[in-house]
Structures are given as C-alpha cells and as structure tokens.
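Asker: Need coordinates for the below:
(chains A and B)
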2 protein chains.
Amino acid sequence: MHILVTNDDGVYAPGLIALAQAMRKISDKVSILAPDHNWSASGHVKTLHRPLRVKEVELEDGTSAWASDGAPSDCVSLALLGFIPEKIDIVVSGINPNANIGHDVTYSGTVTAAMEAAIWGIPGVAVSLDRPEDFTGPADFKPAAEAARRIVTWLGEQSGVPKDTVLNVNVPCGPLDKMKGYKITRQGLRIYRDELVRRLDPRGRPYYWIGGDVPTGVDEPGTDYGSLSAGYVSITPLQLDLTSQSMQSWMEKLNFEGDLPII
Amino acid sequence: MHILVTNDDGVYAPGLIALAQAMRKISDKVSILAPDHNWSASGHVKTLHRPLRVKEVELEDGTSAWASDGAPSDCVSLALLGFIPEKIDIVVSGINPNANIGHDVTYSGTVTAAMEAAIWGIPGVAVSLDRPEDFTGPADFKPAAEAARRIVTWLGEQSGVPKDTVLNVNVPCGPLDKMKGYKITRQGLRIYRDELVRRLDPRGRPYYWIGGDVPTGVDEPGTDYGSLSAGYVSITPLQLDLTSQSMQSWMEKLNFEGDLPII
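Answerer: Numbering: from 1, shown residues only, chains lettered A, B, ... in the order given. Sure, this is the predicted structure:
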C-alpha cells in the first residue's frame, strides 16, 4: 500500500510527522507532499491561475518530504497527476490540531485534501485531534496517529473499498486506553459563535476581525460531536454528492417546474 | 425582501452587475458586498488569521457596492455578522461566467457563498452561466440574471422555505426563449481532464501547472450536467450534511466498530 500523507497546517507541523510515522508502521511506501505554509480554513482549492512550486525538505525526524506552495487539495492533485510517479493507494491528511466536525468539513483544508483524493478515485482519510477549548501547550498527536494507523490498516484489509471513500476521523485528546472505542457517526451541527470585531488602524481607518468564541456543537448521539464528547473516536464517512433530496421533494411538491414558465 | 448580492469573480465583474440589476426588479433593498479581486476555485474560506478591509466602490452602472479583501464566504459572514446592519433575507451569488456542476460545487467560491448563507440560517442561491467551451467574447449575463430573478421571486412567494436552502442554479448560454424550462436536478459527475504540466523557469528550476482540457461531465438525465446539455435551466438543491449513508452501511455490515478494539 502506497500512502500519501498531507495536511493543511504545513509540512513542518508536528501532527503531520506523527501521522507519517504511524503510516510507516503499515507500509514502507509512504510519500509526503504537503503545503509549505498553513492553509487552515482554506476550503477546497484548485490552483489554475498560477504555477506551483515543489521543493524537497527535511522534517524534524530526519525523513524527507515534498513541500508545495499550493493548497492541501493542490498537493493531492500534484501527487496523483504524476508528480509522484508511483501509483498512490490512499491519501491520509492531518493530523489537524483541532476537531473538524459539523459544518467545519466544508471549510477544512484537512478534509478537502481527502475529498480531492476521492474525486480522483482514491480513498481519503482526514484525521483531526479534538483538543479541548482550554488546552494549552504542545498536543500529543501519538494516540490520534495510532487510531489513524488502525483505521487505515482496517481499510487496507477490506476488499471492495468504494473508490470515493472519504473518512473524516476525529480523535479525543488523551491516551487511547481512556477512549471508549471507534464509532461510525454522521455529521453533526456546529454552533458558530463568530462575532464581527471592528477596530480602527493607527490612521483611523476601520478594519474587521471575524472573532468571537470558539465554535461549539449540538451534543446529539450518533453525531461526530456527540460521539467525541462521549469519549469515542468518531469516523464520519462523507460523500461528494451534496444534492438535498428533501429540498428536491419540497420544490417538486410545490410544483416549482410547472409554476415557472421559461418566459 | 433584503437581498445580498455577492460573487467570487470580484465586485467589478459584469456577471455581478447583471445579477444586482435583476434583483433590484424584485426589491428596492439590494446590498452588494463582494471580494475586491477574483477568488475562483477558492473553496469555502473563513478568514480568521488576519483582519478584513471593506471599502465602498462605484460599479460600472453607477450603483455603489462594498468590496472586501476577504473571500466570497467571508463577504457573506461580514454582511450577516452586522457589517450590513439591516437584516438580510436571502444571499444571491454570481453570476459565474462558467457552469458550476458536479464536483465543481466543492471548489466553487460562488457556491460556497450560498453555503455560508445557509450556515447562518438564510437561503442562498448560486447562479452560473454555462458558456460553451469554444465561447469567446463577452458573455450576455442578462438571460441568466432573468432566470435568477424568477427563481428568487418564486422562493420569496413560498412560506416555510427551509433555512438551510442552497440552490445551485446553472443557466445555458443564449436567450431565455430558446431554453426548455426549469429543472430540479441532482448533482452530476464531472470528468476532470487535468494534466500536470512541468516547465523549467529561466534559471532551470521546475515549476508545475495544473493544466489539461476543460472538464466535461457525465450526460445523465436528471443531473445538472444532463439537464443543462438538454437546454434546461438546472436548479440543484444542495445540503450541508455530507454524511455518506451508503458508506456508513458498508462499514457497519463489515462490523467495523466491533473489529476494532481501542487498544
């Protein structure tokens, strides 16, 4: 199994090193191609308007990696389009130092890297660590890396893994033996508590921060947020088809197509 | 109805002006807050790491608008978080000069602006013009603007529009009376034909373009792509919940949770 490791925090992030080390326990074919800087909350990007650079770098643990000035999804495209000549079997992205749950998945560079893999027909796994709000100091990514290792190993043992598989994995903070198990979950609801903060620059001109409290979530059983807060590793399978069938039915019931003559 | 108009091509794009003019036929309360530069294929962004600037600008038709250095989704956040003090009832984004169909929706700044509105509990409508591959010269955005006007008018007439409504509207090129009608569709499949193009700079160092042919799609009835190519205005309702139920079932059937002891 040839594993591509990427992330959205940049190639030197400790979460990426922990993830790559765990993946090397599964396979001796692990490639790293990740952004050369932080792209958090960058969303799904395809850089077509400018060329991308890729350079070889050495990571803290002495291993080598490719760093690109593109977004996480660009890194996946670059690798799969042939920058890394050998066939890639799975893309693993992370470890993000904060949870990616609920609506976060549409903003998250970590998750969009896994989605980009699925668009190219290769399973993608996004891994995030759910650090509590009041967490300070360096995070221990090892338990989350170990959880990722088990999940990727499990996937590797199955036959017929759907080609458009995207798994959004969130791991509670703390040692693995304190966790309750692995839970297949559905995407929950984030509660964003953003506030607009208006300030004046030294020349008296206004500027604006999207500030406010860190987001919370709706604590429902079966969801990513609910399972995490109950102490489980949350694994939410995601799909690329965003069609809302309930909204389709609502519009059809109201005779939308019939109501609206073309001119 | 207070309508917020935004886009991802930048505030001066002709598609935005056409859209705003059509919206002013529905309501005299139309606000424009859009990026000050092009953010195409930028995905869903939340800019938290730097402050945002907003300035007032005059558009080609003499109307005034707000321009921000944030992404399309930032513009929607700014407006809804209070930069525009009056309550906004609907966000309309576009008109993108190219179709946003299939997997495009995860990359599209036009669509993520509408998604951002839905995250804040306000219906969002993304509008794109499906210019054919060989199209040259300035596009006529008026028919697509008129289609958007009808769709937004229809929405405004309904009671109980779901708060998380996102409509992804794609309009064929050409006059409205040549179109066959409006079709509620599902998200189809894009076929990307990207290729990695490797070049050398004048100093002999490599750089990479994500190049190749423009994407095509799978021409299936009922999809965005299929309906567009059959001459219909395609309206795909999108949802923010990306959970894959089929993948959940697949993992449950294989006893994923039972198979995987926590340590």
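
Asker: Quick check: phi and psi on residue A:21?
Answerer: With angles defined as degrees, to the nearest 10, residue A:21 sits at phi -60, psi -40.

Asker: burial measure for the residue of the stretch 1-150 of chain A found nearest chain B, as a count.
Answerer: Residue nearest to chain B within the stretch 1-150 of chain A: residue A:43 (2.6 Å; Cβ to the nearest Cβ). No exception for glycine: its C-beta is placed from N, CA and C like everyone else's. Residue A:43 sits with 30 neighbouring residues when counted by other Cβ atoms under 10 Å in any protein chain shown.

Asker: Quick check: the gap between it and residue A:246.
Answerer: As judged by Cβ to Cβ, to the nearest Å, residue A:43 and residue A:246 stand 25 Å apart.

Asker: thinking again about what came up before, now do the residue lying closest to the residue of the stretch 1-150 of chain A closest to chain B once chain neighbours are set aside against residue A:157, distance only.
Answerer: Closest residue to residue A:43 in three dimensions, ignoring its sequence neighbours and counting by Cβ to Cβ, 6 or more residues apart in numbering or on different chains: residue B:43, at 2.6 Å. Computed as Cβ to Cβ, the residue B:43 to residue A:157 distance reads 33 Å.

Asker: Next: residue A:201.
Answerer: For residue A:201, the distance to residue A:157 equals 57 Å [Cβ to Cβ].

Asker: Low-confidence stretches in chain A?
Answerer: Scanning chain A with the threshold set as pLDDT under 70 gives A:263.

Asker: Residue A:61: how many residues sit nearby?
Answerer: 10.

Asker: now residue A:37
Answerer: 13.

Asker: what's the answer for residue A:146, then?
Answerer: Neighbours around residue A:146, by other Cβ under 10 Å: 18.

Asker: Three-state assignment for it, please.
Answerer: helix (DSSP: H, G, I helix; E, B strand; the rest coil).

Asker: Contacts only, for it.
Answerer: By Cβ atoms under 8 Å, 6 or more residues apart in numbering or on different chains, the contact list for residue A:146 reads A:22, A:176.

Asker: how near is it to residue A:23?
Answerer: Per Cβ to Cβ, residue A:146 is found 11 Å from residue A:23.

Asker: for residue A:115, same thing?
Answerer: For residue A:115, the distance to residue A:23 - Cβ to Cβ - is 19 Å.

Asker: repeat for residue A:1
Answerer: For residue A:1 relative to residue A:23 (Cβ to Cβ), the value is 9 Å.

Asker: Neighbour count: the two, which is higher?
Answerer: A direct count of neighbours by other Cβ under 10 Å for residue A:1 and residue A:23 places residue A:23 higher, at 24 against 15.

Asker: Might one say that that one is in contact with residue A:30?
Answerer: Yes. Counting by Cβ atoms under 8 Å, residue A:23 touches residue A:30, with 4.8 Å between them.

Asker: how about the strands of the stretch 51-200 of chain A, start to end?
Answerer: Applying DSSP state E, counting those that start in this stretch to the stretch 51-200 of chain A gives strands spanning A:54-58, A:64-68, A:90-96, A:124-130, A:166-172, A:182-184, A:190-200.

Asker: So what touches the shortest one?
Answerer: With contacts defined as Cβ under 8 Å, 6+ apart, strand A:182-184 is touched by A:147, A:150-151, A:227, A:232-237, B:248, B:251-252, B:256-257, B:260, B:262.

Asker: Tell me which entries of those lie within strands.
Answerer: A:233-237 (DSSP state E).

Asker: In this structure residue A:237 contacts residue B:243, no?
Answerer: Yes. With contact defined as Cβ under 8 Å, residue A:237 reaches residue B:243; the gap is 6.9 Å.

Asker: Compare neighbour counts for the two and give me the winner.
Answerer: The neighbour count for residue A:237 versus residue B:243, taken as other Cβ under 10 Å, is higher for residue A:237 (25 against 20).

Asker: where exactly do the helices run in the stretch 1-150 of chain A?
Answerer: Ranges of helices in the stretch 1-150 of chain A, per DSSP state H, counting those that start in this stretch, are A:14-23, A:72-78, A:104-107, A:109-119, A:142-157.

Asker: Next one: the closest residue to residue A:261 other than its chain neighbours from residue B:92, what distance?
Answerer: Once flanking residues are discounted, residue A:261 sits nearest to residue B:181: 7.6 Å by Cβ to Cβ, 6+ apart. Separation of residue B:181 from residue B:92 (Cβ to Cβ): 21 Å.

Asker: Tell me who's in contact with residue A:109.
Answerer: A:7-8, A:35, A:39-43, A:71-73.

Asker: Could I get the phi/psi values of the residue lying closest to it once chain neighbours are set aside?
Answerer: Distances taken as Cβ to Cβ, 6+ apart place residue A:8 nearest to residue A:109, at 2.8 Å, with adjacent residues excluded. Main-chain dihedrals, residue A:8, degrees, to the nearest 10: phi -120, psi 0.

Asker: List the contacts of residue A:8.
Answerer: Contacts for residue A:8 (Cβ under 8 Å, 6+ apart) come out as A:35, A:38-40, A:42, A:71-72, A:93, A:96, A:108-110, A:112-113.

Asker: Kindly report the same for residue A:195.
Answerer: Residues near residue A:195 by Cβ under 8 Å, 6+ apart: A:210-213, B:81.

Asker: TSV for these, including distance to residue B:164, neighbour count and secondary structure?
Answerer: Formatted as TSV, the contacts of residue A:195 follow (distance: Cβ to Cβ, whole Å; neighbours: other Cβ atoms under 10 Å in any protein chain shown; DSSP: H, G, I helix; E, B strand; the rest coil):
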residue	distance to residue B:164	neighbour count	secondary structure
A:210	20	22	strand
A:211	24	15	strand
A:212	21	14	strand
A:213	22	11	strand
B:81	18	18	helix
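
Asker: out of those residues, what pair is the most spread apart?
Answerer: The distance between the two most remote of the contacts of residue A:195 (Cβ to Cβ) is 13.2 Å, for A:213 and B:81.

Asker: Count the residues that sit near the closest residue to residue A:224 other than its chain neighbours.
Answerer: Nearest residue to residue A:224, sequence neighbours excluded (Cβ to Cβ, 6+ apart): residue A:101, at 4.1 Å. A count of nearby residues for residue A:101, using other Cβ under 10 Å, gives 28.

Asker: ok, the nearest residue to residue A:151 once chain neighbours are set aside to residue A:130 distance?
Answerer: Excluding its sequence neighbours, the residue lying closest to residue A:151 (Cβ to Cβ, 6+ apart) is residue A:169, at 6.1 Å. Distance of residue A:169 to residue A:130, given as Cβ to Cβ: 10 Å.

Asker: If you count surrounding residues, which of those two has more?
Answerer: residue A:169 (29 against 23).

Asker: beta partners of residue A:233?
Answerer: Counting by DSSP bridges, residue A:233 forms beta bridges with residue A:182.

Asker: In space, what's closest to residue A:95 - neighbours in sequence excluded?
Answerer: Residue A:95 sits nearest to residue A:15 (Cβ to Cβ, 6+ apart), 3.5 Å away.

Asker: ok now do that neighbour, which residues does it touch?
Answerer: A:7, A:9, A:94-97, A:129, A:139, A:141, A:144.
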